[in-house]
Every structure is written in structure tokens, then in C-alpha cells.
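J.: Got a predicted structure plus its sequence, pasted below:
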Amino acid sequence: MCGEESLRREEPLRRQEVVPEGEHRQSGRMPAVPRPAPLDAVAAADLAAMREAAAELQECRRVLTKAGLDVVSEVLRGQGDFVEYEHYPHDDVFDADSHAQYYYHAHRGGAREHGHFHTFLRAPGMPPGTAPVENTGTEPWPQGDAALSHLVAISMDAWGEPLALFAVNRWVTGDAWYRAGDVVAMLDRFGIDHAWPSWPVNRWITAMLRLFRPEIETLLRHRDRVVELWAQAHPGCDVFEDRRLEVTGSLPVSIEGRIRALDRLRARSA
């Protein structure tokens, strides 16, 4: 292992991740995240899914606002003191049918970020035949039904609005490493279809992965390129365990901005 000494603790999922506001460790020059595909290049079926997701997000906001809540305050409700590095809810959120999983937490908060959601899919929910890359390092990865893939992280402000999406290196969340194309194929399988700890929060997170599908795909493919170049620049190091590489890339997002863009595209097509 190269970079800083591991800070891991033996827990169901690793607690050491990163805030994408300039605090992550990264040495050397890595490629910038490219622009996602423009909406007019997105397939009609995917645009329809994005419009459905936009409506879902607006409905989640409506019912939460009506109760004086937002996504962040709702996921933290009844969880006690908000402590850095702790997962909220404390045992994560898991759907036994889809095998999707997420949690919220914060650490080393930036000027704008309150915390972030991490989203995952466990092996039983992945497309048949999906397998991680070979682990040639010394750090064990979760295997079999315990294997999981990090999909994307959602950076949030204190008012419950998303700031950015970001992708991370393997050691950050302690998952197995799947190629970007395989992770992209997992995205439609993510869904939390129950009411714990919050029906609107679960629906909101599921819809976020639909509305910003182009950004997530871009981040995942860029992630693989960054890891490849990092490994070439640091021979002899296990790139997946290198503490100098945490966040591989991030992209700002705005729900209202995406809805306006979808509306403009519809108007031009009318």
C-alpha cells in the first residue's frame, strides 16, 4: 500500500471518505472531468426516464417542504447527535429486493457541503455475470454476496439541496472494484422501494440517479481513466489502496437547472 497509513476500522462499510471541495489528496496532474453528453444527444427513452425522475424529485420536495423538512433533516431525524464519520441511519439503508444501499454522513466539511450520500449496489442485485476486476493487491475485497459496488456520491448543502456528484477510489468505501461499464449497467437496478427511514428520501435518492444519469456515466468512465493513469505514474503502488488518490472527479448538479434544460429541449422539439 502506498500513500498515507490506513485509517480503517473494522466496520460493515468503511467510514473514511472525502468531501469534494478541495480537501482530497491527489498528487500529480490528472485529466479533468469531461462534459457529460448534451441532453439533445440522450436517447428518447432515457430522456423520458429523466423527466419522470424530475417530477419525482419535485414531489419529494413538495411533501417534505410542507412538513418543514428537507432531504438532509429528514434522513437525520431521530438519529441523535450528528457526529462526523458516523453513518446515518446508523445501520445504512438497504432494500432486500433490489440490493441497493445508501447512507449519509459528513467529515471535514467544506464551506458549502453539509455531508454526502454514498450509494451502492450489492452483488445479488447486479446484472448476471458481473464480476469485479482481479484483486492483485494485498488488501482483501468483499466477495460473493457480500461484494458491493459504489455507484456515486451526492454532495449536499445544509438546506437539503444537492451540490455535486463525485466518484471515489476503492479504498474510500471498501467495496470491490468493477469496471465503469459494469457500474453503468448497475445504475437502473438501484432503487430503495420501502419507507424506512423515510419514503420521500428513498424516492429522492433513487430519482437522483435517474435525473443525472449522463453525469454519473461521465464520472465513472473518467474514474477508470484516472485510476489507469495514476497506476502508470506510481509503479509499485496498489492504486486501489493509495491514500493519495481519494476523489477521482466531481461534477456540479442542480435539480432546477436540469428541469429547465429538459423544458427547453421539449420546447425546441415541439
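T.: Great, that's in hand.
J.: which residue ranges form the helices in this structure?
T.: 44-66, 71-76, 170-173, 180-186, 199-211, 213-233, 255-269 (DSSP state H).
J.: Output the ones you listed as CSV; include the columns mean neighbour count.
T.: The C-beta positions use only the backbone N, C-alpha and C, and glycine is treated the same way. Conversion of those to CSV gives the following (neighbours: other C-beta atoms under 10 Å):
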stretch, mean neighbour count
helix 44-66, 16
helix 71-76, 22
helix 170-173, 24
helix 180-186, 18
helix 199-211, 23
helix 213-233, 19
helix 255-269, 13
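J.: Nearest to Pro132, out of these?
T.: Counting by C-beta to C-beta, Pro132 lies closest to helix 180-186 out of those; the figure is 8.3 Å.
J.: Distance of Ala123 relative to Arg221?
T.: 22 Å (C-beta to C-beta, to the nearest Å).
J.: Make a markdown table out of the helices of the chain and add mean pLDDT.
T.: Formatted as a markdown table, those follow (pLDDT from 0 to 100):
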| stretch | mean pLDDT |
| --- | --- |
| helix 44-66 | 98 |
| helix 71-76 | 96 |
| helix 170-173 | 96 |
| helix 180-186 | 99 |
| helix 199-211 | 99 |
| helix 213-233 | 98 |
| helix 255-269 | 96 |
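J.: mind checking which of those helices is nearest Asp91?
T.: When the helices of the chain are compared (using C-beta to C-beta), the closest one is helix 71-76, at 13.0 Å.
J.: Put the alpha carbons of that closest one into PDB.
T.: Taking Å, rounded to 0.1, in the frame of the first residue of the first chain, the C-alpha atoms of helix 71-76 are listed here in PDB:
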ATOM      1  CA  VAL A  71     -33.800  15.600   2.500                       C
ATOM      2  CA  VAL A  72     -31.000  16.100   4.900                       C
ATOM      3  CA  SER A  73     -33.000  17.000   8.000                       C
ATOM      4  CA  GLU A  74     -35.300  14.100   7.300                       C
ATOM      5  CA  VAL A  75     -32.600  11.400   7.000                       C
ATOM      6  CA  LEU A  76     -31.100  12.700  10.300                       C
END
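J.: list the helices and strands that helix packs on?
T.: helix 44-66, strand 88-94, strand 100-105, helix 199-211 (3 or more C-beta pairs under 8 Å, 6 or more residues apart in numbering; DSSP states H and E).
J.: Could you rerun that using 6 Å?
T.: Counting contacts by 3 or more C-beta pairs under 6 Å, 6 or more residues apart in numbering; DSSP states H and E, helix 71-76 packs against helix 199-211.
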